[in-house]
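A.B. asks: Provide a 3D model corresponding to the input given below.
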Amino acid sequence: MFLTQGQARWVFHTKAITKLESDFIVQAQDLEEVFIINQAEEFATELYKLALKYENLKLKKYAKELQQDLDVFNVEGAKSKVSQFEEIINGLKEK
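C.D. replies: Purely as a prediction, here's the structure:
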């Protein structure tokens with residue numbers, strides 16, 4: 001059985017959302033409670049890898065912007081982005 005391109009995208013999208021909700025949301029919540037730069041960098045890196053794997057431009061942009069804030073030690077900007085993570089997931093679900 002072969003999937004159409006649209007069906008394949010839906011499967012990848014569903015898998016990405018599941019991964020975000022099961023793994024990444026917990027990390028984001030932990031970072032909101034106690035913001036540790038090294039953990040935030042790891043979060044951004046892994047999120048970027050996931051965005052590349054599932055070819056999600058919105059998630060890729062978010063992860064890249066978070067990493068840029070961390071690269072220049074813009075902690076407040078990075079914290080702000082982490083606090084928006086659930087909104088990002090919800091936006092992806094609406095697609």
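
A.B. asks: every contact and neighbour count from this point should use C-alpha atoms.
C.D. replies: OK.

A.B. asks: for D69, what are its contacts?
C.D. replies: For D69, the contacting residues are V75, G77, A78, taking CA atoms under 8 Å, 6 or more residues apart in numbering as the criterion.

A.B. asks: for the second one, pull up the helix or strand it's in.
C.D. replies: Secondary structure here is read from DSSP states H and E; on that basis G77 sits in helix 75-83.

A.B. asks: now for the following helix or strand past that helix, which elements pack on it?
C.D. replies: Moving toward the C-terminus from helix 75-83, the first helix or strand encountered (DSSP H and E) is helix 85-93. With contacts defined as 3 or more CA pairs under 8 Å, 6 or more residues apart in numbering; DSSP states H and E, the secondary structure elements packing on helix 85-93 are helix 5-19, helix 25-33.

A.B. asks: 10 Å instead, please
C.D. replies: For helix 85-93, the elements it packs on are helix 5-19, helix 25-33, helix 57-71, helix 75-83, judged by 3 or more CA pairs under 10 Å, 6 or more residues apart in numbering; DSSP states H and E.

A.B. asks: hey, what's the angle from that helix to helix 75-83? Just curious.
C.D. replies: On the basis of axes from the mean of the first three to the mean of the last three CA atoms, to 10 degrees, helix 85-93 is oriented at 50 degrees to helix 75-83.
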